[in-house]
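Visitor: mind folding the following:
(chains A and B)
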Amino acid sequence: MKPHVNFRSGVPVYLQIVQQVKAAAAGGALRPGEALPSVRALAEELRINRNTAARAYAELESEGVIETRQGAGCFLKANGVSPLKRAVRSDRLAAELDAVIVQAHHLQVGDDDLKSLLAARLEAFRERQQTRSAD
Amino acid sequence: MNPVIDIRNLTHRFGRTEALQGLQLTVEPGRCYGFFGRNGAGKTTAIKCLLNLLRPDSGSVAVFGMDPARHEAAIKSRLAYVPDFVAFYPWMSVREALDYQAAFRTRWNRDSEADLLRRFGLDPRQPTRGLSKGQRTQLALIGAICAEPELLVLDEPTSGLDPLVRREFIRTVIGAYQEADPGRRTVFVSTHLISEFEGLIDRFTVVEQGRDVLTADADEARSKFRRLRAVFEEDAPSGDAFREARSVRRDGRNLELIVNGNGDRILADLKARNPLSVEVEPLTLEEIFMSSVHPGGGLP
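Guide: Got it, this is the predicted structure:
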């Protein structure tokens, strides 16, 4: 698990790390119980502020993706059960989808194309997940 | 909580040159604050006012809530300063230079000292007169970090260093300095090499001709500033139509705008003129800096 940061994405740096850890966890690149780099190591590696790295981990922990074990560091949680209520989870996802819809509008991608793109991406994601678990 | 640095309406002139003309800037504790400006914009003059090396002509400066002219010793015991040009007593060895600095400090972290000497590959027995510019800066940084001050002031710390040393320098600042109690450790770094510090900086002020022209949180600025590029069938519309943009560049069929915050409205205006294509691209801090100090950038 090696996060990277793109300063030209317009996305806050801590959020980029959150998204990448989630993507790695969902796609199997990071497995339950596996260790994440320490806050200091992550900050030095990416040459980012420690507060930013700490904020990313705090966010991941509050969402139940990772857990901190005192003195041992941060680990991906076993079968990540989100501590957030279902409604909160839906709201968060809705906000992300809204952003995609706005982006689609700016890129002049129509509604139907967007829907089929979503279906195609879902399928690609499932395929990747299966290849990973087959390893 | 009191700001660590509070600069209000600061002016300072050297003869007929107005180095600072009403600078405003506030740094909260725990920040890694970028002070961006071109050479000669007034960065070093402002820093010298913080350290009581210069007195303000008007306006006020406070560090930890104190006036540097009246509480110089109290302020200096809580901060460390790494200037752009570092000098040591040439007869001292690296070891002696560090011991000399430690003698003025109430705290000195021997573990960080040993760790950083190893990391930078500095030999404690080496005389300081034989050090390169990069090694001098590294030695000054070791002295600043080992004293564990609440405020670390870096003035153009990486100019003149080779890229590898720069990288290590920045990692060191990140790792060692904010290790303990990051909420109270504040970094104030003046630089024009912004891309180097991009990830480290969480808030910044751009200074130009002695004035603050832009202050923002780094993430917020990166999400608001955008470059819009449009290509038209015929000549691009005149830039006058986009007065709200921070900068406009027009070249034949191409129009390039830099926008801040009001991007969506300007984008809608742009699209209403039926361009062949429009691209939207967020900006890095360095590009945001460029657009702030050179707003008219290349207006035809």
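Visitor: please parse chain B into its domains.
Guide: B:5-209, B:221-293 (automatic domain parsing).
Visitor: and the first one, does that touch chain A?
Guide: Yes - for domain B:5-209 and chain A, the contact criterion (Cβ under 8 Å from any Cβ of the partner chain) is met by B:30, B:32, B:167, B:170-171, B:174-175, B:178-179, B:182, B:198-202. Bear in mind the C-beta positions are built from the backbone N, C-alpha and C, glycine included.
Visitor: next, the buried residues of stretch A:25-35.
Guide: By neighbour count on 16 or more other Cβ atoms under 10 Å in any protein chain shown, the buried set for stretch A:25-35 is A:25, A:30.
Visitor: circling back: of the domains of chain B, which approaches residue A:59 most closely?
Guide: Residue A:59 sits nearest to domain B:5-209 of all these, at 15.6 Å, using Cβ to Cβ.
Visitor: contacting residues around the spatially most central residue of chain A?
Guide: For chain A, the residue nearest the mean C-alpha position is residue A:19 (2.3 Å; Cα atoms, centre = their mean). Going by Cβ atoms under 8 Å, 6 or more residues apart in numbering or on different chains, residue A:19 touches residue A:11.
Visitor: can you check residue B:230 too?
Guide: Per Cβ under 8 Å, 6+ apart, neighbours of residue B:230: B:236, B:254, B:255, B:256, B:257, B:270, B:273, B:275, B:277, B:278, B:279.
Visitor: roughly how far does the fourth one sit from residue A:108?
Guide: The one in question is residue B:256. Distance check for residue B:256 against residue A:108: by Cβ to Cβ, to the nearest Å, it reads 20 Å.
Visitor: more neighbours: which of these two?
Guide: More crowded of residue B:256 and residue A:108, by other Cβ atoms under 10 Å in any protein chain shown: residue B:256, with 19 against 10.
Visitor: ok, residue B:259 - contacts?
Guide: Listed by Cβ under 8 Å, 6+ apart, the contact partners of residue B:259 are B:225, B:226, B:227, B:228, B:244, B:245, B:246, B:266, B:267.
Visitor: re earlier: mind checking which of the domains of chain B is nearest residue A:117?
Guide: Of these, nearest to residue A:117 by Cβ to Cβ is domain B:221-293, at 18.8 Å.
Visitor: which of the helices or strands spans residue B:215?
Guide: Secondary structure assignment for residue B:215, by DSSP states H and E: strand B:211-217.
Visitor: by contact count, what packs against that strand?
Guide: Under the contact definition 3 or more Cβ pairs under 8 Å, 6 or more residues apart in numbering or on different chains; DSSP states H and E, strand B:211-217 sits against strand B:17-27, strand B:203-208, helix B:285-293.
Visitor: direction included, what does it pair against?
Guide: strand B:203-208 (antiparallel) (DSSP bridges).
Visitor: outside of the longest helix along chain B, which residues touch it?
Guide: Among the segments of chain B that qualify as a helix by DSSP state H, the longest is helix B:133-146. The contact list for helix B:133-146, computed with Cβ under 8 Å, 6+ apart, reads B:80-83, B:86-88, B:94, B:97-98, B:101-102, B:105, B:108-110, B:112-113, B:116-117, B:120, B:122, B:128, B:131, B:152, B:157-158, B:160-162, B:165, B:169, B:172-173, B:176-177.
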